[in-house]
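Asks: structural data only, the sequence is not supplied:
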């Protein structure tokens, strides 16, 4: 139960750096006792799942009280997630009837408006989008989120009224895991050209900066053969360099969703890409690379025999497939997984492809592992959390230490979003809990000398099928 007289909480966000800092102030209020300046503990919730806690109490002379807070995001979120309701703020272990209202001011508010304007331009085209974005900036936009009202910025009063009535009846589209069986034509493409509707309700990545569809249709010619040889030579060089530093090296390649789920992809689109199709054979001719090379396609195909390895609305792995890949990587490292998780608890995710296609997030049910390893006493401590100042991903560096971890070793991975920054659906989640020390650096390059400087005994290089179109320098 809440403390006597506590009826609402107001959170003001002044600085918002996705993947970085979050700063502002928060204050309790109650009709019978005015405001309260006592320190306040708040919880950041992503897709209905608490991801971290922080406490107010920093001095704020401008407010005449210690109401301030500064924290860092421990899991990846986007600016639009604050507008669509994916990210909310709550009082942990408190009465859910107490609303937590969030308001964005100054720099944080401007960033949110820019993110919404950019989405309008992407969805409706440059001319119409620019007009809508201009109108948006001239309207007093309320980028607020209330636990009680559940409002989303940009909704009309009529829509809010209807949605409130439906919420009173127990139907809230923002939190439900059910979807309507509205058929979409096979091959329907998102407005930005990045996502296509495949068979069996699967959303497939076909566009984007890496031109996934173009790669799939690229014929096997001299350019492809040169690129394949370049990758095989690079893997060989990495293996030799790591051996010189007495490090055990594993090179991981994760296939595309449509390569694993071939039945979800229209027959006219070949899979895998020409480069991926030839890479195995090329690596097998390099004596050092072949010992380190791990193509996770067979692992994910085996997962597909019992469950979907990818959510229908996402380009990343389900929790079960993520753990299967973790166990396979450990096996390639000459180790066995110290965990035996069961996947019997139903969780949900908001897929990264759904909003590209429909302009709105869709929540999808997935199997999650029972219990929370993060709640265990031996959970890892976040040691390093560095993100690029430009808001991008390349160069992010996260590390964890866990003196009580079952595997007494230091491991570093040079990879991408499939490892992520420690989120439960990323491979870093398991590695940070299995090893005494684990580093994740978001980069396509590999630096064996740096790995040696931190005392890493194992080095992981990780890429995905669509990134094979571009060869890193090392």
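Replies: Great, that's in hand. Everything quoted here is computed from the prediction, not taken from an experiment. Numbers count the residues shown, from 1 in each chain.

Asks: burial measure for residue 58, as a count.
Replies: Each residue near residue 58 was counted by other Cβ atoms under 10 Å, and the total is 13. For the C-beta atoms, the positions are set from N, CA and C on the backbone; glycine is no exception.

Asks: can you pull the contacts of it?
Replies: Taking Cβ atoms under 8 Å, 6 or more residues apart in numbering as the criterion, residue 58 is in contact with 66-70.

Asks: gap between the strand or helix carrying residue 236 and the chain center?
Replies: Using DSSP states H and E, the secondary-structure element containing residue 236 is helix 222-244. For helix 222-244, the separation from the chain centroid amounts to 29 Å (computed by Cα atoms, centre = their mean, to the nearest Å).

Asks: give me the buried positions along it.
Replies: Taking 16 or more other Cβ atoms under 10 Å as the neighbour-count basis, helix 222-244 is seen to contain the buried residues 224, 227-229, 231-232, 234-242.

Asks: what's next to that helix, contact-wise?
Replies: By Cβ under 8 Å, 6+ apart, the residues outside helix 222-244 that reach it are 218, 248-249, 251, 274-275, 278-279, 282-283, 285-289, 291-293, 446, 448, 451, 459, 461, 468-469, 471-472, 474.

Asks: circling back to that earlier point, flag the least confident of the contacts of residue 58.
Replies: Within the contacts of residue 58, the minimum per-residue pLDDT falls on residue 66 (74).

Asks: circling back to that earlier point, buried ones only from the contacts of residue 58, please, as a ChimeraX command.
Replies: Remark: buried members of those, expressed as a ChimeraX selection using 16+ other Cβ under 10 Å:
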select :66,67,68,69
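
Asks: and which of the contacts of residue 58 is nearest residue 395?
Replies: For residue 395, the closest of the contacts of residue 58 turns out to be residue 70, at 21.9 Å, with distances computed as Cβ to Cβ.

Asks: OK, contacts around that closest one?
Replies: 15, 21-23, 58.

Asks: SS state for the closest residue to residue 247 other than its chain neighbours?
Replies: With sequence-adjacent residues excluded and distances taken as Cβ to Cβ, 6 or more residues apart in numbering, residue 247 is closest to residue 459, at 4.8 Å. Going by DSSP: H, G, I helix; E, B strand; the rest coil, the secondary structure assigned to residue 459 is strand.

Asks: hang on, the earlier thing: of the contacts of residue 70, just say which sits nearest to residue 201.
Replies: Distances from those to residue 201 were compared by Cβ to Cβ; the smallest belongs to residue 22, at 35.1 Å.

Asks: now the helix or strand encompassing the closest one: buried residues?
Replies: When elements are assigned from DSSP H and E, residue 22 belongs to strand 21-30. Taking 16+ other Cβ under 10 Å as the basis for neighbour counts, the residues of strand 21-30 that come out buried are 22-28, 30.

Asks: give me the pLDDT for residue 139.
Replies: The model reports residue 139 with a pLDDT of 44.

Asks: what segments of the stretch 101-250 of the chain are strands?
Replies: In chain order, the stretch 101-250 of the chain shows strands spanning 145-146, 195-197, 203-205, 248-254, with DSSP state E, counting those that start in this stretch as the criterion.

Asks: on that earlier part again, which of the contacts of residue 58 fall in strands?
Replies: For those, the ones inside strands are 66-70, with DSSP state E as the criterion.

Asks: spit out the contact partners of the residue lying closest to residue 299 once chain neighbours are set aside.
Replies: With Cβ to Cβ, 6+ apart as the measure, residue 328 is the residue that lies nearest to residue 299, at 4.6 Å, once sequence neighbours are left out. The neighbours of residue 328, taking Cβ under 8 Å, 6+ apart as the test, are 294, 296, 299.

Asks: confirm the last one sits in a helix?
Replies: I take that to be residue 299. Yes - with three-state DSSP as the criterion, residue 299 is part of a helix.

Asks: do I have it right that it meets residue 325?
Replies: Yes - distance between residue 299 and residue 325: 6.0 Å, which falls inside the contact criterion (Cβ atoms under 8 Å).

Asks: just checking, what packs against the helix or strand residue 452 falls within?
Replies: Here residue 452 is covered by helix 448-453, with elements defined by DSSP H and E. Using 3 or more Cβ pairs under 8 Å, 6 or more residues apart in numbering; DSSP states H and E as the contact criterion, the neighbours of helix 448-453 among helices and strands are helix 222-244.

Asks: what angle sits between the helix it packs on and strand 248-254?
Replies: Counting by axes from the mean of the first three to the mean of the last three Cα atoms, to 10 degrees, helix 222-244 points 150 degrees away from the direction of strand 248-254.

Asks: quick one: the strands in the stretch 301-450 of the chain, in order.
Replies: Applying DSSP E, counting those that start in this stretch to the stretch 301-450 of the chain gives strands spanning 345-350, 363-368, 381-386, 397-401, 407-415, 435-442.

Asks: so what's residue 311 up against?
Replies: 318, 349, 351, 364, 366.

Asks: against residue 356, how distant is it?
Replies: Distance from residue 311 to residue 356, counting by Cβ to Cβ, to the nearest Å: 14 Å.

Asks: cool, and residue 265?
Replies: Distance, residue 265 to residue 356, using Cβ to Cβ: 18 Å.

Asks: on that earlier part again, of the contacts of residue 58, closest to residue 102?
Replies: residue 69 (12.6 Å).
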